[in-house]
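> need coordinates for the below:
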Amino acid sequence: MEFQIEDGRIFSLDENQELLAETTYVHTTDGEVDIDHTFVSPVLRGQGAAGKMMEAVANHLRENGLKATATCSYANAWLLKNKDRFEDIFSDQF
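As a prediction, this is how the structure comes out:
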């Protein structure tokens, strides 16, 4: 799955330009974002697509020196599960 990056959004489209997966985030303070939404198309559910997308999000945040909190329940749970790998992107507010 190939992810595209826009400010506030990381997503993947199929060959018909239909949304397959998406994570959105909003900038909250200087250098911090709130991951507020994740979506995976029903055709991909149960195949690890959400985890791959969150890994892309975490790597993007790391590469851009951003810290994160997550009001999206899936993103929050994924970050906590992977804290040992991505602790450097956790906001002090997490």
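
> C-alpha from now on. contacts and neighbour counts both.
Will do.

> would you mark the buried spots in the top helix by length along the chain?
In the chain, ranked by residue count with DSSP state H as the criterion, the top helix is helix 49-63. Buried residues in helix 49-63, counting neighbours by 16 or more other CA atoms under 10 Å, are found at Ala49, Ala50, Met53, Met54, Glu55, Ala56, Val57, Ala58, Leu61, Arg62.

> kindly reformat the residues you listed as TSV containing distance to His37.
Putting the buried residues of helix 49-63 into TSV (distance: CA to CA, whole Å) gives the following:
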residue	distance to His37
Ala49	15
Ala50	11
Met53	12
Met54	11
Glu55	15
Ala56	14
Val57	12
Ala58	14
Leu61	15
Arg62	19
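
> and those residues, which is closest to Ala77?
Checking the buried residues of helix 49-63 against Ala77 with CA to CA, the nearest one is Met54 at 10.7 Å.

> would you mind listing the residues in contact with the closest one?
Met54 sits next to Thr23, Ala75, Trp78 when contact means CA atoms under 8 Å, 6 or more residues apart in numbering.

> so how far is the longest strand along the chain from its chain's centroid?
Of all segments of type strand in the chain, defined using DSSP state E, the longest is strand 19-29. In terms of CA atoms, centre = their mean, to the nearest Å, the centre of strand 19-29 is found 6 Å from the chain centre.

> and it, what does it pack against?
Applying 3 or more CA pairs under 8 Å, 6 or more residues apart in numbering; DSSP states H and E, we find strand 19-29 packed against strand 9-13, strand 32-40, helix 49-63.

> and those as TSV, adding distance to Asn82?
Compiled in TSV, those are given as follows (distance: least, CA to CA, whole Å):
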stretch	distance to Asn82
strand 9-13	19
strand 32-40	15
helix 49-63	9
